[in-house]
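Asker: Only the shape, not the letters, is given here:
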């Protein structure tokens, strides 16, 4: 399993295809979210992912957002093996190297709130619906890293 962190223009066509395939599998097929995934934010994002045998097994994107780094589209294909924690740890480091040492924010699905709290994220909002799924805003302060 290889970790990669690339800006959009650095991705190969095959990597883009595998990223979109993984996002479609998790968000559209598994979670039944109906939205246009290709929202142009990808162009300005750092794409962080694990790849194994040419397939994306875990992924997130990070991009600047009002003096912070916003993380989104977080997914793991292989679950229960610690890949989510490892993805977050390496991605936070890569995003801060790319965009600067600042807080990380995300709209986290409510069911994953406990996972992110264990990593050091703090809930900063009440619950809200996004694409029919309950979310909360969470933040990893600038001085915190994920070990």
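Answerer: Everything's here; your move. Keep in mind that this is a model prediction, so the values were computed, not measured.

Asker: Name the nearest residue to residue 18, sequence neighbours excluded.
Answerer: residue 56 (4.5 Å; C-beta to C-beta, 6 or more residues apart in numbering). Any C-beta I mention is one placed from the backbone N, CA and C, and that applies to glycine too.

Asker: which SSE is that neighbour in?
Answerer: strand 55-65 (DSSP states H and E).

Asker: Residue 56 is in contact with residue 22, correct?
Answerer: Yes: here residue 22 lies in contact with residue 56, judged by C-beta atoms under 8 Å, at a distance of 4.2 Å.

Asker: Find the residues that touch each one of these two.
Answerer: Residues touching both residue 22 and residue 56 (C-beta atoms under 8 Å, 6 or more residues apart in numbering): 49, 77.

Asker: Name the helix or strand of the chain that has the lowest mean pLDDT.
Answerer: strand 128-130 (a mean of 90; mean pLDDT, DSSP states H and E).

Asker: partners of the helix or strand following that strand, with directions?
Answerer: Sequence order places strand 133-140 as the next helix or strand after strand 128-130, per DSSP H and E. According to DSSP bridges, strand 133-140 forms sheet pairs with strand 104-109 (antiparallel), strand 122-123 (antiparallel), strand 128-130 (antiparallel).

Asker: Can you tell me which of these is packed in deepest?
Answerer: strand 104-109 (a mean of 21; mean count of other C-beta atoms under 10 Å).

Asker: roughly how far is that one from the heart of the chain?
Answerer: 9 Å (C-alpha atoms, centre = their mean, to the nearest Å).

Asker: State the next helix or strand along the chain beyond it.
Answerer: helix 113-118.

Asker: re earlier: ranked by average pLDDT, which of the strands paired with strand 133-140 falls at the bottom?
Answerer: Per-segment mean pLDDT for the strands paired with strand 133-140 reaches its minimum on strand 128-130, at a mean of 90.
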